[in-house]
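Q: Structure of the sequence below:
(chains A, B, C and D)
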Protein chains: 2
Amino acid sequence: MNQNPIDFNKCMSAVFTLFPKLREEEKEFMKQHTTFTNCRKNEMVYKEGERPTGLIVLVKGKVKVFKEGVGGRDQIVRMAKPVGLFGFRALFAEENHIASAQTIENSIIATVDKSCLYDILRSNVGLTLDILKGLATELGFSNSRTVTLTQKHIRGRLAESLIFLKDTYGLEPDGKTLKIYLLREDLANLSNMTTSNAIRTLSNFSEENIISLDGRKIKILDLPRLEKISERG
Amino acid sequence: MNQNPIDFNKCMSAVFTLFPKLREEEKEFMKQHTTFTNCRKNEMVYKEGERPTGLIVLVKGKVKVFKEGVGGRDQIVRMAKPVGLFGFRALFAEENHIASAQTIENSIIATVDKSCLYDILRSNVGLTLDILKGLATELGFSNSRTVTLTQKHIRGRLAESLIFLKDTYGLEPDGKTLKIYLLREDLANLSNMTTSNAIRTLSNFSEENIISLDGRKIKILDLPRLEKISERG
DNA sequence: CAGAAAATATGTTTTTCAACACAAATCTAC
DNA sequence: GTAGATTTGTGTTGAAAAACATATTTTCTG
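A: From the prediction side, this is the model:
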């Protein structure tokens, strides 16, 4: 848990970038009700069934949010990047979490007290409307995802996931290497397939020179081709 | 289009039941910016790509919301019942619709002007927070649905859909017959399977005395069994 | 009411992908 | 550094479900 010390003010500023409509006095109020935690790689942030305690902000690192499926196979429903929110659905729905969240890198996580957040929301409709918009956008992603995960074939699903990871986390300075290093298993859980099939299909893409593989490092060599595979399904 | 005339005040009251936090003056304002339309069975309410013009309320009838999939197969992402909202996602996300909506019965549909709605939301945080909560709940459904549609087998998916229809639209006075009469094709599009397989699996359920079939009328004979099939996957 | 169109039903074939098995490589904790 | 655990890689098999084909019934439309 105790790695590098956390620079409170710097982290707080990062949180504020998510809420441009916050007024000065609201920022001050939020400061007094926000805590930061260092999380090592692979730590659980929350588990299915738990009650949300506040608004969670990923300040640094990477987090996967996943649901346990019927056959014990997990489905990743969200990949959080800094600076970004996660775990907010259950909070706003006033339900317990229906998914679990786990870091996939050492991360810094902020928690804004629920009551503080709601005090601010009640005094700042603009902010509430921004969050409403964000939630609606998220619902759109989820609906689209349902369709592609159910209708695309394996190659299409994996291609889409790779593009999604590129769009979400970006590329290393070489302009090709995905800036995220996932286990094959996570890639499979993101793409609704078995680990074996993720490995196999990655190998196929590599043989076809669409990507290149070096352990968990994935280089996208032929993005147009990958996009075509994703679209075709 | 022109069937029974619409009783404006009665319909308006129906709309108001959805927003218990509306103040009297806001109700009056909304009244002046709401229009009602009669829609015949199978009419399109909006199509993928269109811009939302306001908040849509289903006052009477039934509506399916679906996305066109990669292979031309539709996926139903929502079934609206009266009195209820649909098509609000795109509105709040400030995007064009990413799905289409079609009536499956003669229906009455209300549209509240977008600008009127936002005027009210800006003056009524409580209402906005209620909508936020609804949207978060909806996102939870969507995520759960993604998992079950991808991980359950055909029988599990169909069983779940039948239970979903029962929970959403209820049963006829006999306590067994589903109060909705869908095409086999719609049932298939709801359950992520081909029409053939929906028909076949329905027949199987019927042979096993879990349900009984009479055209589009479906009686649930053995709900516990259906629930077991749905849970097992 | 007749004809056409749509929906339902059912059998057969083919494709896709999960399940399983096992070997090799890599990571991790002591 | 080494033993054990985890992850990766690859082949084989079988089950599930899509695709296809076609007949029958129902519904719609003029």
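Q: domains in chain A, as residue ranges please.
A: A:8-149, A:152-232 (automatic domain parsing).
Q: Quick one: closest of these to DNA strand D.
A: Ranking those by distance to DNA strand D, with CB to the nearest atom of the strand as the measure, places domain A:152-232 first at 3.4 Å. In short, each C-beta sits where N, CA and C put it, glycine included.
Q: Please see if the closest one touches DNA strand C.
A: Yes - applying CB under 7 Å from any atom of the strand, one finds domain A:152-232 touching DNA strand C at A:153, A:154, A:155, A:192, A:193, A:194, A:196, A:197, A:215.
Q: can I assume the third one is in contact with residue A:226?
A: No - between residue A:155 and residue A:226 no contact is recorded; they are 9.8 Å apart, counting by CB atoms under 8 Å.
Q: Touching both of the two, which residues are there?
A: Overlap of the contact sets of residue A:155 and residue A:226 (by CB atoms under 8 Å, 6 or more residues apart in numbering or on different chains) consists of residue A:205.
Q: Name the residue in those two with the higher neighbour count.
A: The residue with more neighbours, out of residue A:155 and residue A:226, is residue A:226; 21 against 18, by other CB atoms under 10 Å in any protein chain shown.
Q: The more buried one sits in which helix or strand?
A: helix A:223-232 (DSSP states H and E).
Q: and that helix, anywhere near DNA strand D?
A: No - shown here: helix A:223-232 not in contact with DNA strand D (CB under 7 Å from any atom of the strand), separated by at least 12.3 Å.
Q: buried residues in that helix?
A: When burial is assessed from 16 or more other CB atoms under 10 Å in any protein chain shown, helix A:223-232 yields the following buried residues: A:225, A:226, A:229, A:230.
Q: again, but for stretch A:170-178
A: Buried positions in stretch A:170-178, judged by neighbour count with 16+ other CB under 10 Å: A:176, A:177, A:178.
Q: chain center to it: distance?
A: 19 Å (CA atoms, centre = their mean, to the nearest Å).
Q: Likewise for stretch A:70-80?
A: Here the centre of stretch A:70-80 is set off from its chain's centre by 12 Å, with CA atoms, centre = their mean.
Q: Which positions within that stretch qualify as buried?
A: Buried positions in stretch A:70-80, judged by neighbour count with 16+ other CB under 10 Å: A:70, A:73, A:74, A:75, A:76, A:77, A:78, A:79, A:80.
Q: Give me the pLDDT for the second one.
A: Each residue has a pLDDT score; the one for residue A:73 is 89.
Q: List the residues that contact it.
A: Each residue near residue A:73 by CB under 8 Å, 6+ apart is listed here: A:189, A:194, B:151.
Q: picking that back up, make TSV from the buried residues of helix A:223-232 and add pLDDT to it.
A: TSV is the format used below for these (pLDDT from 0 to 100):
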residue	pLDDT
A:225	97
A:226	97
A:229	97
A:230	96
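Q: Closest one to residue A:116 out of those residues, please.
A: residue A:230 (41.6 Å; CB to CB).
Q: for the biggest helix by length in chain A, packing partners?
A: Ranked by residue count under DSSP state H, the longest helix found in chain A is helix A:125-151. Under the contact definition 3 or more CB pairs under 8 Å, 6 or more residues apart in numbering or on different chains; DSSP states H and E, helix A:125-151 sits against helix A:88-93, helix A:114-123, helix A:154-169, strand B:63-68, strand B:74-80, helix B:88-93, helix B:114-123, helix B:125-151.
Q: Residue A:205: what's its closest spatial neighbour, skipping adjacent residues?
A: If the residues on either side of it in the chain are set aside, residue A:205 comes closest to residue A:211, at 4.7 Å by CB to CB, 6 or more residues apart in numbering or on different chains.
Q: next one: residue A:44
A: Leaving aside its sequence neighbours, residue A:44 is closest to residue A:102 (5.2 Å, by CB to CB, 6+ apart).
Q: pretty sure that neighbour contacts residue A:63?
A: Yes - with contacts defined as CB under 8 Å, residue A:102 counts as touching residue A:63 at a distance of 6.8 Å.
Q: Tell me which of the two has more neighbours.
A: Relative neighbour count places residue A:63 above the other of residue A:102 and residue A:63, with 24 against 20, counting by other CB under 10 Å.
Q: Mind listing what's buried along stretch A:116-132?
A: So for stretch A:116-132, counting by 16+ other CB under 10 Å, buried means A:116, A:117, A:118, A:120, A:121, A:124, A:125, A:127, A:128, A:129, A:131, A:132.
Q: mind checking the end-to-end distance for that stretch?
A: 18 Å (CA to CA, to the nearest Å).
Q: how far away is the closest residue to residue A:149 other than its chain neighbours from residue A:153?
A: The shortest distance from residue A:149 to any residue other than its chain neighbours is 4.7 Å, reached at residue A:192 (CB to CB, 6+ apart). Distance, residue A:192 to residue A:153, by CB to CB, to the nearest Å: 11 Å.
Q: again, but for residue A:201
A: From residue A:201 across to residue A:153, the span is 10 Å (CB to CB).
Q: more crowded one of the two?
A: For residue A:201 against residue A:153, the residue with the higher neighbour count under other CB under 10 Å is residue A:201, and the figures read 20 against 15.
Q: I'd assumed residue A:172 was in contact with residue A:218.
A: No - here residue A:218 lies out of contact with residue A:172, judged by CB under 8 Å, at a distance of 10.6 Å.
Q: joint contacts of these two?
A: By CB under 8 Å, 6+ apart, the residues touching both residue A:218 and residue A:172 are residue A:178.
Q: so what's residue A:218 up against?
A: The neighbours of residue A:218, taking CB under 8 Å, 6+ apart as the test, are A:162, A:177, A:178, A:202, A:211, A:212.
Q: for those, which one is nearest residue B:142?
A: Checking these one by one against residue B:142 (CB to CB), the nearest turns out to be residue A:162, at 23.1 Å.
Q: how many neighbours does the closest one have?
A: 25.
Q: for it, what are its contacts?
A: Counting by CB under 8 Å, 6+ apart, residue A:162 makes contact with A:178, A:211, A:218, A:220, A:226.
Q: For chain B, state which of these is nearest.
A: Closest approach to chain B among the contacts of residue A:162 (CB to the nearest CB): residue A:226, at 15.6 Å.
Q: contacting residues for the residue nearest to the closest one when sequence neighbours are not counted?
A: Spatial nearest neighbour of residue A:226, excluding adjacent residues (CB to CB, 6+ apart): residue A:159 at 4.9 Å. Listed by CB under 8 Å, 6+ apart, the contact partners of residue A:159 are A:205, A:226, A:227, A:229, A:230.
Q: where does chain A dip in pLDDT?
A: Applying pLDDT under 70 to chain A picks out residues A:1-4.
Q: Near DNA strand D, which residues of it are found?
A: A:183, A:184, A:185, A:195, A:196, A:199, A:200, A:202, A:203, A:213, A:215, A:216.
Q: so residue A:80 sits right up against residue A:57, yeah?
A: No - the pair residue A:80 / residue A:57 is not scored as a contact, 9.2 Å apart, by CB under 8 Å.
Q: My read is that residue A:168 contacts residue A:79, right?
A: Yes - here residue A:168 lies in contact with residue A:79, judged by CB under 8 Å, at a distance of 5.7 Å.
Q: which residues are common contacts for these two?
A: Between them, residue A:168 and residue A:79 have residue A:180 as joint contacts when contacts are counted by CB under 8 Å, 6+ apart.
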